[in-house]
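Chemist: I'll drop the sequence and a predicted model, then ask my questions.
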Amino acid sequence: MDPRELLARLREDLAEAGYTVDGVQELVGDVASRALDREQALPALRAAERAGGPASVLLRCCTLGREVTRAEVDAALPRTGTDGAAALGLLAAAGAAPGDAVRPLVDLRPYRVDDGAGDGSPADWWLVSDLGELATGRALAPDHVLGVGGASLTLARATVRTPVGSVLDVGTGCGVQALHAARHARRVVATDTSERALDLAAVNAALNGVALDLRQGSLLEPVADGELFDLVVSNPPFVITPRREGVPQYEYRDGGMSGDSLVRRLFAEVGGVLAPGGVAQLLGNWEYHGEDDWAQRLEGWLEGTGLDAWVVQREVADPALYAETWIRDGGQKPGAAFDELYAAWLDDFEARGVTGVGFGVVTLRRPVAGPPTLRRFEEVLSGVDDPLGGVFAAGLVAHDRLAVLDDEALAGTALRVAPDVSDERYHAPGEPDPRVVLLRQGGGLRRVVQADGDLAGLVGACDGELTVGQVAAGLAVLLEEDAPALRARLLPRVRDLVRDGLLLLPPS
Ligand SMILES: C[S@@+](CC[C@H](N)C(=O)[O-])C[C@H]1O[C@@H](n2cnc3c(N)ncnc32)[C@H](O)[C@@H]1O
C-alpha cells in the first residue's frame with residue numbers, strides 16, 4: 001500500500017486509540033507524567049500496564065520502548081495493523097503469530113500543538129524520531145535524530161506566528177518547527193544535513209497531513225541564490241564541543257565547528273535569505289570571553305549585516321556546568337570516560353579563555369528599508385513558560401511605531417495600561433507612603449519595573465482617553481511639581497514601558 005495511505009490510516013488509529021498528550025496524561029496520571037518529563041519510565045510503565053487498552057499498548061511500545069505482542073498492536077491499530085506499521089519502518093515483529101513479540105524501531109509520540117497560529121485552535125499531532133535513552137537504556141548514536149526537546153519547545157513558543165508567505169527551517173531534525181510553520185505559512189522549506197532526519201521529517205509531514213519542501217545540505221546552502229523568506233527559524237546544532245579525537249559528535253547538537261562559530265555564521269549569513277521585513281528566530285549558545293561581555297560579542301557578530309536584533313539571554317552556565325550538562329546529555333555516566341570528556345571540554349574552554357556560556361533566543365530582522373534601528377540585548381533568566389511569539393511580534397511593532405514618534409507626538413498619544421499589569425506597593429510597617437512601587441507584567445516576559453510614585457500615578461491614569469501629556473500635566477498640579485520638568489522626566493520611562501508592552505499604543 002502507498003505509504004501516504006498507510007500514514008493516513010495510522011493517524012486515524014492513533015486518534016481513535018486516545019494516544020494523545022491528554023489521553024496519555026489521563027492514562028498514567030500526574031505523578032507518572034511528571035516522571036516521564038524527567039526521562040523516568042518506570043511510573044508510566046506501571047500505570048500503563050495496570051490500565052491496559054490501546055493507548056497503553058502504544059505508550060509502552062512507542063514511547064517507553066517495551067516489547068508488546070502482535071495481537072496487542074493489531075487491536076490498538078486496527079486500520080494499520082502490525083504489518084502496516086512494520087512496512088512504514090516503525091515496528092519490527094518477531095513472527096506472524098498473535099503472541100509474537102513486536103518491538104519499536106522509532107519513537108512515536110503524541111504532541112500537543114498550541115502555538116496560536118492559524119485560527120488559534122490547538123491540534124494533536126504525532127511525531128516520529130529516533131528511540132532515546134529512555135527506551136533503549138543506551139547512550140545515543142552519533143546520527144541520532146532528536147524528538148521534541150526543551151530547546152524545540154523554547155523555539156516553537158518564541159516564534160512569531162503572524163501569517164506569512166514563506167518559511168525556512170534550518171536544521172529541521174524530525175521537522176517539528178517546520179510543521180508549526182506550516183500552520184501560518186503558504187510554503188515551508190526545511191533543511192538538514194542528515195538524510196535520516198529528512199526521512200523522518202517526511203514521515204511526520206505525511207502523518208500530520210502537511211506539505212514540506214525538504215532539502216539536504218548545510219545551513220543555508222540548500223537555498224537557491226536569491227530565494228528569500230518571510231521567516232527563518234532555526235534550532236541549530238549550537239552545542240559547543242571540543243574538536244578533539246575521542247569526543248563524540250552528535251549530529252543533532254554539534255555542527256562540527258569550533259566554539260560558537262556555527263551560531264556566529266548564522267548571524268552573518270541569515271540576512272541573505274530574508275525578504276525585506278523578514279524575521280529570523282534562532283536559538284544559540286555564545287561564549288563569554290571575559291566578564292559579562294556577551295552583548296558586546298553578539299553586537300560584533302551583527303556588524304555589517306544590516307539586521308535589526310533583539311536577543312533575550314535565558315541561561316548562563318559556567319564552563320564546568322556546561323561540560324557536565326552536555327556530557328550527560330550524550331548518555332555518559334560518571335566514571336573514567338566521563339572524566340576524560342570533562343577534561344577535553346575544560347581544555348577547550350581554557351584555550352579560548354571562555355568564562356561562561358550563554359543561551360538565548362535571537363530575533364533578527366531585515367528592515368523594510370534603511371539601516372537597522374533595533375539593537376536590544378537583555379537577560380530574562382527567570383522561568384517563563386508562556387508562548388512568547390506574540391511578545392516578540394508586539395515588541396517589534398512597538399519598536400517601529402516608537403521610532404517615528406518624537407517626544408511631542410508621544411505626549412499627544414492616549415495610552416492604555418496592558419490588562420496583565422498589576423501595581424505592587426511595599427510599605428514599611430505604619431508608613432502611609434510606599435517605599436517601593438513595582439509594575440508587574442502577568443504574562444509574556446513577566447517584566448517587573450520599579451516605578452516611583454509619579455510614574456505609577458501616570459500609568460494608573462492611562463485609560464486610553466487622556467493623552468500622556470494631559471496625565472503628566474494633571475500629576476504636576478497634584479504633586480505641585482514643575483510640569484515641563486515632570487513631563488521630561490517621565491517620557492523616557494513611558495517610552496520604555498510601551499517598548500516592553502506594559503503600556504499599549506492605540507491601534508494604528
Ligand atoms: C538541535 S536539532 C533541531 C531539530 C529540530 N529543528 C527541533 O527544533 O527540535 C539540530 C538539527 O540540525 C541538523 N544539523 C547539524 N548540522 C547541520 C548543518 N550544518 N546544517 C543544517 N543542519 C544541521 C541536525 O542534523 C539536527 O537535525
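Modeler: Perfect, thanks for sending it. Numbers count the residues shown, from 1 in each chain.
Chemist: For Ala309, give me its contacts.
Modeler: By C-beta atoms under 8 Å, 6 or more residues apart in numbering, Ala309 lies in contact with Leu298, Leu302, Val362, Thr363, Leu364, Arg365, Pro372, Leu374, Arg375, Arg376, Phe377. (Each C-beta comes from the backbone N, C-alpha and C, glycine too.)
Chemist: Filter these down to the buried ones, ChimeraX style.
Modeler: In ChimeraX, a selection of the buried entries from the contacts of Ala309 looks like this (16 or more other C-beta atoms under 10 Å):
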select :298,302,362,363,364,365,372,374,377
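Chemist: With adjacent residues omitted, what lies nearest to Ala428?
Modeler: Of all residues not flanking Ala428 in the chain, Arg435 sits nearest, at 5.6 Å (C-beta to C-beta, 6 or more residues apart in numbering).
Chemist: Run a quick check on Arg70 versus Arg103, I expect a contact.
Modeler: No: if you go by C-beta atoms under 8 Å, Arg70 and Arg103 don't touch, sitting 11.0 Å apart.
Chemist: returning to that earlier point: from Arg365, how far off is the residue nearest to Ala428?
Modeler: 40 Å (C-beta to C-beta, to the nearest Å).
Chemist: try Leu503
Modeler: 23 Å.
Chemist: For Leu475, list the residues it contacts.
Modeler: Residues in contact with Leu475, defined by C-beta under 8 Å, 6+ apart, are Asp454, Gly457, Leu458, Ala461, Glu481, Leu486.
Chemist: Equivalent analysis for Gly255, please.
Modeler: Going by C-beta under 8 Å, 6+ apart, Gly255 touches Ser218, Leu219, Pro236, Pro237, Phe238, Leu262.
Chemist: again with Asn235
Modeler: Asn235 makes contacts with Ala151, Ser152, Leu155, Gly171, Gly173, Gln177, Leu282, Leu283, as judged by C-beta under 8 Å, 6+ apart.
Chemist: do the same with Val312
Modeler: Gly360, Val361, Thr363, Glu378, Glu379, Val380, Leu445.
Chemist: ok, now which ones touch Pro54?
Modeler: If you count contacts by C-beta under 8 Å, 6+ apart, Pro54 has them with Glu16, Ala17, Gly18, Tyr19, Ala75, Ala76, Leu77.
Chemist: As TSV, those residues with neighbour count would be great.
Modeler: Formatted as TSV, the contacts of Pro54 follow (neighbours: other C-beta atoms under 10 Å):
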residue	neighbour count
Glu16	14
Ala17	21
Gly18	17
Tyr19	26
Ala75	15
Ala76	26
Leu77	25
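Chemist: Who are the packing partners of the helix or strand bottoming out on mean pLDDT in the chain?
Modeler: Within the chain, no helix or strand scores below helix 133-136, which has a mean of 88 by mean pLDDT, DSSP states H and E. The helices and strands touching helix 133-136, judged by 3 or more C-beta pairs under 8 Å, 6 or more residues apart in numbering; DSSP states H and E, number zero.
Chemist: Pretty sure Ala418 sits against Leu504.
Modeler: Yes: judged on C-beta under 8 Å, Ala418 makes contact with Leu504 at a distance of 5.4 Å.
Chemist: more neighbours, those two?
Modeler: Ranked by neighbour count (other C-beta atoms under 10 Å), Ala418 and Leu504 place Ala418 first, with 21 against 18.
Chemist: Tell me the residues on the protein that lie near the ligand, please.
Modeler: Selection of the chain residues close to the ligand by C-beta under 6 Å from any ligand atom yields 146, 152, 155, 170-173, 176-177, 191-194, 197, 218-219, 235-237, 251-253, 255.
Chemist: Just the residues you listed: which are in helices?
Modeler: Ser152, Leu155, Val176, Gln177, Ala197 (DSSP state H).
Chemist: Widest-spaced pair of these?
Modeler: Leu155 and Ala197 (15.9 Å; C-beta to C-beta).
Chemist: Remind me which helix or strand the nearest residue to Leu179 once chain neighbours are set aside belongs to.
Modeler: Counting by C-beta to C-beta, 6+ apart, Leu179 lies nearest to Val210, which is 5.5 Å off, once chain neighbours are set aside. Per DSSP states H and E, Val210 falls between elements, in no helix or strand.
Chemist: OK, contacts around Val210?
Modeler: Going by C-beta under 8 Å, 6+ apart, Val210 touches Ala178, Leu179, Ala182, Val188.
Chemist: From those residues, pick the one nearest the ligand.
Modeler: Of all the contacts of Val210, the ligand sits closest to Ala178, with 7.6 Å by C-beta to the nearest ligand atom.
Chemist: Any idea how many residues pack against that closest one?
Modeler: 27.
Chemist: I'd guessed it sits against Thr191; true?
Modeler: No: with contact defined as C-beta under 8 Å, Ala178 does not reach Thr191; the gap is 9.4 Å.
Chemist: Give the residues shared as contacts by these two.
Modeler: In contact with both Ala178 and Thr191: Asp169, Thr172, using C-beta under 8 Å, 6+ apart.
Chemist: which residues touch Ala323?
Modeler: Leu341, Tyr342, Trp345, Leu346, Phe349.
Chemist: Can I have the buried ones of those residues as a PyMOL selection?
Modeler: Restricted to buried positions by 16+ other C-beta under 10 Å, the PyMOL selection for those reads:
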select buried, resi 341+342+345+346+349
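Chemist: The contacts of Ala323 into JSON lines, with extra columns for secondary structure and distance to Gly81?
Modeler: What follows is the contacts of Ala323, written out as JSON lines (DSSP: H, G, I helix; E, B strand; the rest coil; distance: C-beta to C-beta, whole Å):
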{"residue": "Leu341", "secondary structure": "helix", "distance to Gly81": "44"}
{"residue": "Tyr342", "secondary structure": "helix", "distance to Gly81": "48"}
{"residue": "Trp345", "secondary structure": "helix", "distance to Gly81": "47"}
{"residue": "Leu346", "secondary structure": "helix", "distance to Gly81": "52"}
{"residue": "Phe349", "secondary structure": "helix", "distance to Gly81": "52"}
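Chemist: closest to the ligand among the contacts of Ala323?
Modeler: Checking these against the ligand with C-beta to the nearest ligand atom, the nearest one is Trp345 at 18.5 Å.
Chemist: Distance of that closest one relative to Glu480?
Modeler: 62 Å.
Chemist: ok and the residue in the stretch 301-450 of the chain nearest the ligand?
Modeler: For the stretch 301-450 of the chain, C-beta to the nearest ligand atom, closest residue to the ligand: Asp329, 11.0 Å.
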